[in-house]
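Visitor: Give me a model of this one.
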Amino acid sequence: MLKTNEDRLVEIAMQCRPGPPRIKPGWKVDHEGNPFILPGIGGITLNIRVGDSAFGLAGDHLEPCVSCSANSEKPFEFPNNSLQLLSCVGNAAVIVSGDAKGEKGIVTGHHGGSEHVMIDFPKKVLDLLTYDDKIMIQTKGQGMKLMDYPGIKLFNLDPGLLKKMKIKTLPDNRLKVPVTTIVPARCMGSGLGSAHVAAGDYDVMTSDPATVKEYKLDMLKFGDFVALLDHDN
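Guide: You can find the predicted model right below:
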């Protein structure tokens, strides 16, 4: 088992609520020049959850399940910036108000621009949830270290999820991390040049059919762990 400093990590409760969809009026244009108007970021997405395909959907920049913020009117300011920096994939979330009070979910990621934290809940919970309900996230994970691998940096990962990732140690002192997909550097887009990785996101570009086929990018599902090759970020 990988040795970490889990016992030294700080746990902070952060409050948020579902954020309404953010859709600018007017047309958008795809990479082939076709105009479109489609569902996009934000909202309580009733029929898309972790494990569903990220391809073939009638949407643009969709966020699976529930998109949350601490203050949807000031996404880049306190306390929403604290929510972004402290929330980690795998953190436990609990609804503390409304008809779905007491139901539990799991943080699945961040989305920059909208500055949303995404949380996965069972379908029965989504049917009860409203945009006025409050959610508490038990944030934990920033500052986690692999004690025997000081050259590897960890961000945005709950220690409980790390234990479930089936990472293996190899005889030559490397780690073998299971992923669903390998993504070449040339496929990466928005997110390049960011000052840090503790918030926001990094877009996998899929506009080139040959590359999509070669790397099987059309097999990607929401929640997959992927390897991004040859990056210096």
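Visitor: Relative to Ile12, how far out is Thr180?
Guide: Applying CB to CB, to the nearest Å, the value for Thr180 to Ile12 is 31 Å. Every residue, glycine included, has its C-beta placed from N, CA and C.
Visitor: neighbours around Gly200, how many?
Guide: 17 (other CB atoms under 10 Å).
Visitor: Show the contacting residues for it.
Guide: 84, 110-113, 115, 191, 194 (CB atoms under 8 Å, 6 or more residues apart in numbering).
Visitor: out of these, who's nearest Asp158?
Guide: His110 (13.4 Å; CB to CB).
Visitor: So the closest one lies in a strand, does it not?
Guide: Yes. Secondary structure assignment places His110 in a strand (DSSP: H, G, I helix; E, B strand; the rest coil).
Visitor: what sits against it?
Guide: 84, 87, 116-118, 156, 199-201.
Visitor: now, the most widely separated pair of those?
Guide: Among the contacts of His110, His116 and Asn156 lie farthest apart (CB to CB), at 14.0 Å.
Visitor: out of the two, which sits in the busier spot?
Guide: His116 (28 against 21).
Visitor: Next, the contact list for the more buried one, please.
Guide: Contacts of His116 by CB under 8 Å, 6+ apart are 19, 41-42, 63, 67-69, 110.
Visitor: and those residues as CSV, adding pLDDT?
Guide: Formatted as CSV, these follow (pLDDT from 0 to 100):
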residue, pLDDT
Gly19, 91
Ile41, 91
Gly42, 93
Glu63, 94
Ser67, 96
Cys68, 96
Ser69, 95
His110, 93
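Visitor: Make JSON lines from those and add distance to Arg8 to it.
Guide: As requested, these are arranged in JSON lines below (distance: CB to CB, whole Å):
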{"residue": "Gly19", "distance to Arg8": "32"}
{"residue": "Ile41", "distance to Arg8": "35"}
{"residue": "Gly42", "distance to Arg8": "35"}
{"residue": "Glu63", "distance to Arg8": "32"}
{"residue": "Ser67", "distance to Arg8": "31"}
{"residue": "Cys68", "distance to Arg8": "27"}
{"residue": "Ser69", "distance to Arg8": "29"}
{"residue": "His110", "distance to Arg8": "24"}
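Visitor: Which ones among these map onto strands?
Guide: Counting by DSSP state E, the contacts of His116 place 67-69, 110 in strands.
Visitor: Of the residues you listed, which is the most crowded?
Guide: Tallying neighbours with other CB under 10 Å puts Cys68 at the head of these, with 29 neighbours.
Visitor: Quick check: beta-bridge partners of the closest residue in space to Cys65 that isn't next to it in sequence?
Guide: Nearest non-adjacent residue to Cys65, counting by CB to CB, 6 or more residues apart in numbering: Asp120, 4.6 Å away. Under the criterion DSSP bridges, Asp120 forms beta bridges with Ile106.
Visitor: Quick check: Asp120 touching Gly109?
Guide: No. Contact between Asp120 and Gly109 fails when scored by CB atoms under 8 Å: they sit 9.6 Å apart.
Visitor: So what pairs up with His111 in the strands?
Guide: His116.
Visitor: quick one: the helices in the chain?
Guide: Secondary structure of the chain (DSSP state H): helices at 80-86, 123-126, 159-163, 209-215.
Visitor: can you redo the ones you listed as TSV with mean neighbour count, distance to Ser53 and mean pLDDT?
Guide: Below are the helices of the chain laid out as TSV (neighbours: other CB atoms under 10 Å; distance: least, CB to CB, whole Å; pLDDT from 0 to 100):
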stretch	mean neighbour count	distance to Ser53	mean pLDDT
helix 80-86	20	26	95
helix 123-126	14	17	96
helix 159-163	17	22	97
helix 209-215	13	13	94
